[in-house]
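Engineer: Fold the following for me, if possible:
(chains A and B)
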Amino acid sequence: MASLQTQDVVARSATTTPTPQVRSAVAPVAKLIDESKCIGCKACQVACMEWNDLRDEIGSNVGVYDNPADLTPNSWTVMKFFEVEPKAGNLEWLIRKDGCMHCEDPGCLKACPSPGAIVKYANGIVDFISENCIGCGYCITGCPFDVPRISPKDNKAYKCTLCSDRVGVGLEPACVKACPTGAINFGTKEDMVTYGDKRAGELKERGFQNAGLYNPAGVGGTHVMYVLKHADQPELEKLPRNPSISPAVSLWKGVAKPLAVAGMIGAAVVGFFHYMKVGPIEEQPEDGKREKEGS
Amino acid sequence: MTNSWTDIKNADLIMVMGGNAAEAHPVGFKWVIEAMQKRKAKLISVDPRFNRTSAVADVYAPIRNGTDIAFLGGVINWLLSNDKIHHDYVKFNTDATFLTKPDFKFENGFFSGYDEAKRKYDKSSWGYQLDDSGYVKVDDTMQDPLCVYQQLKKHYSRYTPEMVSNICGTPKDKFLQICQMLGEMSAPDKTSTILYALGWTQHTVGSQNIRTMAMIQLLLGNMGRPGGGVNALRGHSNVQGVTDMNAYAEVLSGYLGAPTDADDTYEKYIAKRTPKPLRPNQFNYWSNFSRFYVSLMKSYYGKAATAENHFCYDWVPKLEGGFDIMHIFELMHQGKMTGMLSQGFNPLATVANKNKLSAALGKLKYLVIIDPLETETSEFWQNYGPYNDAKPESIQTEVFRLPAACFAEEEGSFTNSSRVAIWKQKAIDAPGEGKVDSEIMARLFVKLRAMYAKDGGAFPDPIAGLAWDYVQANEPSSAELLREINGRAIGDVYAPPDPKDPKAAPTVLVKAGQQLPGFAMLRDDGSTACGNWLYSGCWTEAGNMTARRDLSDPTGWGVYQNYGFSWPANRRILYNRASADKDGKPWAPNKKYEFWNGKAWTGADVPDMRPNAAPEENVGSFIMNPEGVARLHAIGMAEGPFPEHYEPFETPIGVNPLHPNNPKAISNPAARVFKGDMEAFGKKEQFPYSATTYRLTEHFHTWTKHARLNAIVQPEAFVEISEELAKEKGVKHGDSVKVSSNRGHIVAKAVVTKRIKPWDVNGQKVHLVGIPFHWGFKGQTKIGYIANTLTPFVGDANSQTPEFKAFLVNIEKA
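Structural biologist: Predicted coordinates:
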């Protein structure tokens, strides 16, 4: 649970009433992952499990260093290792810390039908409020990065909170604190963009001509960004080149939503006139019984 | 480390070879990353596998495991042939100008003096020529064919880039690129560092691997300078402290050579270890040997140690033969040992040839395990199916398990790779009956002493006479122990007589009862006691120096002089006199570290030199050597004064390409091989693949497999092979494979990777099988085989460190 207050919630899933916009002085934050400094030690993974009290299953080796092999309801961040040859014959071992990107325009929040199950805070963090989650899985469809995972135990969706509970009280996320090489940085989004651009410049000097910052515009930018050695080929590490919210979700919350609202209003109006004209529907005794049981 | 973790940030080039710093030392690796970002330093990774360090390196070069001397010898040849050496430094700080003996030879893979039957060298033809006054003869022009420089040139002329590539399988262009990068570091305004670990030590030529690199660093002028040095990254949080304090038999605390059977009198022992200077005006620091030794004996035996009884010299065990871990297990295997105390050590999983170890442990009467964890060793007698196929009914060994506290459950100091001792607080009490190690040992000792007092026994004197002045005899505190290690004055410590006024009353430097300020105060008359001369100064009258936490670094060199205590004398870079030229001036303005200010040595660090030794006095920078300079030609080594490439005892090519016609010079001719073990070596015909063992970041030895979090991030035993070998064997990602050597087999998952590629060596293809060694039959991870089932029982000719890094296996789909 976040240490942030309800006044910090600037967007809320499936909610039509306005959200508070009073926290105008909150600077958006960002985590910057500099893959050129990452040695794949997984300290961030362990710190994440420790801070969030998560314990995944002890799995198997499936022929790679990645363990657990993918994000799970109990592993909100995992290291992914890619053996690639961007230039033929020149092997590189790219190591990417996978997890929620905290999109400025979060597809999960847009897709979520349950009021207040997904929120966005004034600082940019996108958080799942588990008590409101109905486990429908729409957030997974809405996510362009394939991040949320539904637990079969409690039917709730889970993902990285960007340690909203730590950030809310002025601390950095646990993974940032644990990183031994300074590959994970945390600060205001503005500072992180500046630093990320500087690092990309330094990597260009080192021979990575296409180094750059991964902060995709298709989702309005992200609050978790990467410095990539090959920003021209994000797919080398299974990052989408131009991530955007699924058209189905856009349709559902874009064009379809006013139509649905109009439909609902229409139904209410029709109901009202039906009542005025025909009168109330008489309750059947069986229905009354069912209603009691249901309460 | 000759330098320190924080000093890595001063390097212009960092080479990681014989180690995988990013993997095994992720926290310290931040200084490499810092040098790369802030100084634009370049990083080279040379390793059999493209590993986690290679992932962030500028240049990666593959090398066949066990061929490091061939590679580094090739670098020496390239530096000398292309004149990329720091001439002034080499002349001033090494023995390059010294003349060797005329009968010193190297022929057909052997140096002069080899005794094949004993597998030992008679070293009388090695070393320097002396003049009538006992000083080494020199040729300052370095033209004499007998001078070390010319001998060096001759020796390594065989190590051509083609030869390197042929032996190591390193592509010639990569090798030359690295030579070029290293060569640039010979400029006075550049320094480079080397980070290594057990990838160099765990070979039958381990010590010589390191020496070859040390020679390169001398030729480049990188020793004693910021951003330079030869830096051993230690693999346990306090293993530096353990070696400093002598947890092995060959030395007493502080690397004082222990007496051997040949040292039958005290005088002989001291004389043998107190060298005479080999060049005029040298500091010859080991001339102080008797002060360190006597103070140690006063610390051991207190009042019982007197000048009359030679400070209890007769009480100290005299070694006959080796007592390294393999020798101990060899004796155990022969049934010559009764019991063993295994403290914080899991030999069944971490020493070579598990099946031999298991048989050896079964011949003991008793085995005491002092450990926080249920180790494999403590259950060697239990049957765990194929993972430990023991027969409990046939094993009579009585095993006692004494639960010890974990590191966070006791206070005390850790000494890290930088030689910096840092005090830590206790976080929590040990659970259950767990006790800190010192209390366990103290309780054992107090009981034994009482038994000797009551029942007598053979030679009780050293037990009865041991100084044991702790407030609570059963629980010596860490503070008491560290104070004892630092040393104190028993009587008043006087200054030496003033040569100008010899009759004046001597000045008292330290009053009786006070803590000593440093090892300069140690005396050999019994007036001082000191548990380890190197640590003297760690707990002075001013208090516990290891508890200091001052993060200020006024010079910006990363010295942090008031953070913890760095032995010796709180010095952060060893041999730092060499950071200045002959006249005491910095080699380059951007590398100004220690220098002569006209009156004294000064700078960022504690000078490694008598502070008032003016440059004109010509006192050499390498004060621990009686010649005052560093050695390119070292007679202390078992297998020769110049490192030579020898194949691993289990070689995948069956020949030493440097000496194709001498089958006796295939592997290290001076390495010790126990009876029966020569036969246990596998041959390439049955075991064609070269294997190595190593660690992963996710685990620490066989310890963290007991922790759930570590088990989650690396749950199951695996081996790594190339795509080519996998294809040959029909193995896919995640298949189970059986890996066997001449000593046993393991089964593990296969990680098929592009990061391993076969080498083209001596006209054949050689494949690598990489074997992480963390798993065993106890713990939270998936149960696995002990990787050291496979490894050979043979070690380095000097240190006896087992050859874990190069041996032969076969692999098949399980």
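Engineer: Going by C-alpha atoms from here, please, whenever you check contacts or count neighbours.
Structural biologist: Noted.
Engineer: Let me know the distance separating the residue nearest to residue B:639 when sequence neighbours are not counted from chain A.
Structural biologist: What sits nearest to residue B:639 in space, not counting adjacent residues and going by CA to CA, 6 or more residues apart in numbering or on different chains, is residue B:670, at 5.3 Å. Using CA to the nearest CA, to the nearest Å, we find residue B:670 at a distance of 39 Å from chain A.
Engineer: can you count the residues close to residue B:670?
Structural biologist: By other CA atoms under 10 Å in any protein chain shown, the residues close to residue B:670 number 24.
Engineer: Chain A: helices as residue ranges?
Structural biologist: Using DSSP state H, the helices of chain A run over A:43-51, A:107-111, A:138-142, A:164-167, A:174-178, A:189-205, A:247-253, A:256-278, A:285-294.
Engineer: ranking these by burial, who's on top?
Structural biologist: helix A:107-111 (a mean of 26; mean count of other CA atoms under 10 Å in any protein chain shown).
Engineer: returning to what we had before: switch the helices of chain A over to TSV; also include distance to residue B:632 and mean pLDDT.
Structural biologist: Listed next are these as TSV, based on distance: least, CA to CA, whole Å; pLDDT from 0 to 100:
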stretch	distance to residue B:632	mean pLDDT
helix A:43-51	42	98
helix A:107-111	66	97
helix A:138-142	65	96
helix A:164-167	56	97
helix A:174-178	43	98
helix A:189-205	38	98
helix A:247-253	71	73
helix A:256-278	81	71
helix A:285-294	90	44
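Engineer: Make TSV out of those and add distance to residue B:348.
Structural biologist: Compiled in TSV, the helices of chain A are given as follows (distance: least, CA to CA, whole Å):
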stretch	distance to residue B:348
helix A:43-51	29
helix A:107-111	52
helix A:138-142	48
helix A:164-167	44
helix A:174-178	33
helix A:189-205	46
helix A:247-253	59
helix A:256-278	67
helix A:285-294	64
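Engineer: Among the ones you listed, which comes closest to chain B?
Structural biologist: Nearest of the helices of chain A to chain B, taken as CA to the nearest CA: helix A:43-51 at 6.4 Å.
Engineer: and the closest one, what does it pack onto?
Structural biologist: With contacts defined as 3 or more CA pairs under 8 Å, 6 or more residues apart in numbering or on different chains; DSSP states H and E, helix A:43-51 has these neighbours: helix A:174-178, helix B:708-713.
Engineer: what's next to that helix, contact-wise?
Structural biologist: Contacts with helix A:43-51, where a contact means CA atoms under 8 Å, 6 or more residues apart in numbering or on different chains, come from A:54-55, A:74-79, A:174-176, A:178-180, B:709-710, B:713.
Engineer: cool, and stretch B:102-114?
Structural biologist: With CA under 8 Å, 6+ apart, stretch B:102-114 has contacts from B:120-126, B:146, B:155, B:640, B:658-659, B:661-662, B:665, B:669.
Engineer: end-to-end on it?
Structural biologist: With CA to CA, to the nearest Å as the measure, stretch B:102-114 spans 17 Å from end to end.
Engineer: Quick check: the residue of the stretch 601-750 of chain B nearest chain A.
Structural biologist: residue B:734 (3.9 Å).
Engineer: Then that residue would be within a helix, right?
Structural biologist: No - going by DSSP: H, G, I helix; E, B strand; the rest coil, the assignment for residue B:734 is coil, not a helix.
Engineer: Quick one: the helices and strands packed on helix A:43-51 as TSV, columns for distance to residue B:588 too.
Structural biologist: Below are the helices and strands packed on helix A:43-51 laid out as TSV (distance: least, CA to CA, whole Å):
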stretch	distance to residue B:588
helix A:174-178	38
helix B:708-713	47
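Engineer: Let me know the secondary structure of residue B:61.
Structural biologist: Secondary structure state of residue B:61, per three-state DSSP, is strand.
Engineer: how far away is it from residue B:209?
Structural biologist: From residue B:61 across to residue B:209, the span is 17 Å (CA to CA).
Engineer: Of those two, which one has the most company?
Structural biologist: Taking other CA under 10 Å, residue B:61 and residue B:209 do not tie; residue B:209 has more neighbours (27 against 22).
Engineer: what about that one, distance to residue B:3?
Structural biologist: 19 Å.
Engineer: Same check on residue B:73?
Structural biologist: Note on residue B:73: its distance to residue B:3, by CA to CA, is 23 Å.
Engineer: which ones are touching residue B:546?
Structural biologist: By CA under 8 Å, 6+ apart, residue B:546 lies in contact with B:413, B:421-423, B:538-539, B:563-565.
Engineer: Compute the number of surrounding residues for the closest residue in space to residue B:606 that isn't next to it in sequence.
Structural biologist: In this structure, residue B:606 finds its nearest non-sequential neighbour in residue B:571, 5.1 Å apart by CA to CA, 6+ apart. Close neighbours of residue B:571, defined as other CA under 10 Å, add up to 21.
Engineer: ok, back up a step: can you flag the buried ones in the contacts of stretch B:102-114?
Structural biologist: The neighbour count (16 or more other CA atoms under 10 Å in any protein chain shown) marks B:120-121, B:123, B:125-126, B:146, B:155, B:640, B:658-659, B:665, B:669 as buried among the contacts of stretch B:102-114.
Engineer: which one is residue B:711 nearest to, not counting chain neighbours?
Structural biologist: Spatial nearest neighbour of residue B:711, chain neighbours left out: residue B:781 (4.8 Å); criterion: CA to CA, 6+ apart.
Engineer: neighbours around the one you found, how many?
Structural biologist: With other CA under 10 Å as criterion, residue B:781 counts 27.
Engineer: go on, the one 10 residues further on?
Structural biologist: A count of neighbours around residue B:791, defined by other CA under 10 Å, yields 29.
Engineer: Likewise for the one 4 residues further on?
Structural biologist: Residue B:795 sits with 25 neighbouring residues when counted by other CA under 10 Å.
Engineer: Wait, it touches residue B:670, no?
Structural biologist: No - with contact defined as CA atoms under 8 Å, residue B:795 does not reach residue B:670; the gap is 10.5 Å.
Engineer: who in chain B is up against chain A?
Structural biologist: Residues of chain B found near chain A (CA under 8 Å from any CA of the partner chain) are B:22-23, B:26-30, B:33, B:37, B:52-53, B:55-56, B:697-698, B:708-718, B:733-735, B:749-755, B:781-782.
Engineer: Contacts only, for residue 96.
Structural biologist: Answering for chain A, as no chain was given. A:35, A:38, A:40, A:79-81, A:237.
Engineer: Let me rephrase: I mean chain B.
Structural biologist: Listed by CA under 8 Å, 6+ apart, the contact partners of residue B:96 are B:90, B:142, B:147-149, B:632.
Engineer: Checking it next. Helix, strand or coil?
Structural biologist: Secondary structure state of residue B:96, per three-state DSSP, is coil.
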